[in-house]
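Engineer: My questions concern the predicted model and sequence given below.
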Amino acid sequence: KAGVTQTPRYLIKTRGQQVTLSCSPISGHRSVSWYQQTPGQGLQFLFEYFSETQRNKGNFPGRFSGRQFSNSRSEMNVSTLELGDSALYLCASSLFGGVAPADTQYFGPGTRLTVL
Amino acid sequence: GDSVTQMEGPVTLSEEAFLTINCTYTATGYPSLFWYVQYPGEGLQLLLKATKADDKGSNKGFEATYRKETTSFHLEKGSVQVSDSAVYFCALSDQEAGKSTFGDGTTLTVKP
């Protein structure tokens, strides 16, 4: 089975721009979660989508949004970029959301976003 | 809310040394516990997991036991190798909260 793929792997943007990141989950997985990883804050949960519906959301401003398509692929959008948005954005897929005892999240390689 | 506290790093060991990375957690329900490993430039990979009290997860010589009485899930390996150099994350998934919570990560460097 192919793993979780994320595109692009690297992005450089300037303040005020917007960006869209893409995540393709493992075939058959219906849940996609997004995380922001920074040296100072560690791994922070952004949101989780299951069957095209946002099920859970972390404590991030409304500039961070996402969606999921019928094929379970997910996109994350960040509008009006700030310097502090520079981070590695990771997505993880699972069958049910990774919270059921038998379920596990599988992570993609991440998209490294640099905001100048 | 849920939280995971990991032993602060970085940790530097010589090859074949014994490794322990401490992890304690706070959760309202009965979470599943995980250790993930992240190599430079890559995403997180699941190393091992345990889904209930007293379960032991093991993989690639690493092991961790779910201790409910001490709310801990310490990672151990008897003899580390240079290739084990990476960042290790302890995490829990809480069915009630509907999400996963990660520790801050511990950087391990193994020297030949």
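Structural biologist: Arrived safely, thanks for sending.

Engineer: partner residues bridging A:Gln44?
Structural biologist: A:Gln36 (DSSP bridges).

Engineer: isn't A:Gln18 right next to A:Met76, touching?
Structural biologist: No. Applying C-beta atoms under 8 Å as the test, A:Gln18 and A:Met76 come out as separate, 11.2 Å apart. The way it works is simple: take the backbone N, C-alpha and C, and place the C-beta from them, glycine included.

Engineer: who has more neighbours, those two?
Structural biologist: A:Met76 (23 against 11; other C-beta atoms under 10 Å in any protein chain shown).

Engineer: Skipping its backbone neighbours, what lies nearest B:Ala27 in space?
Structural biologist: Leaving aside its chain neighbours, B:Ala27 sits nearest to B:Asp2 (4.7 Å; criterion: C-beta to C-beta, 6 or more residues apart in numbering or on different chains).

Engineer: What number of residues are in the vicinity of that neighbour?
Structural biologist: Neighbours around B:Asp2, by other C-beta under 10 Å: 18.

Engineer: list the contacts for residue 49?
Structural biologist: Answering for chain A, as no chain was given. By C-beta atoms under 8 Å, 6 or more residues apart in numbering or on different chains, the contact set of A:Tyr49 is A:Ser31, A:Val32, A:Ser33, A:Arg55, A:Gly66, A:Arg67, A:Gln68, A:Ser74.

Engineer: I was after chain B.
Structural biologist: Shown in contact with B:Lys49 (C-beta under 8 Å, 6+ apart): A:Thr104, B:Ser32, B:Leu33, B:Phe34, B:Trp35, B:Gly57.

Engineer: Take the residues you listed and write them to JSON lines, including distance to B:Phe18, neighbour count and pLDDT.
Structural biologist: Formatted as JSON lines, the contacts of B:Lys49 follow (distance: C-beta to C-beta, whole Å; neighbours: other C-beta atoms under 10 Å in any protein chain shown; pLDDT from 0 to 100):
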{"residue": "A:Thr104", "distance to B:Phe18": "27", "neighbour count": "18", "pLDDT": "84"}
{"residue": "B:Ser32", "distance to B:Phe18": "26", "neighbour count": "25", "pLDDT": "90"}
{"residue": "B:Leu33", "distance to B:Phe18": "21", "neighbour count": "27", "pLDDT": "94"}
{"residue": "B:Phe34", "distance to B:Phe18": "22", "neighbour count": "27", "pLDDT": "94"}
{"residue": "B:Trp35", "distance to B:Phe18": "16", "neighbour count": "27", "pLDDT": "96"}
{"residue": "B:Gly57", "distance to B:Phe18": "18", "neighbour count": "21", "pLDDT": "96"}
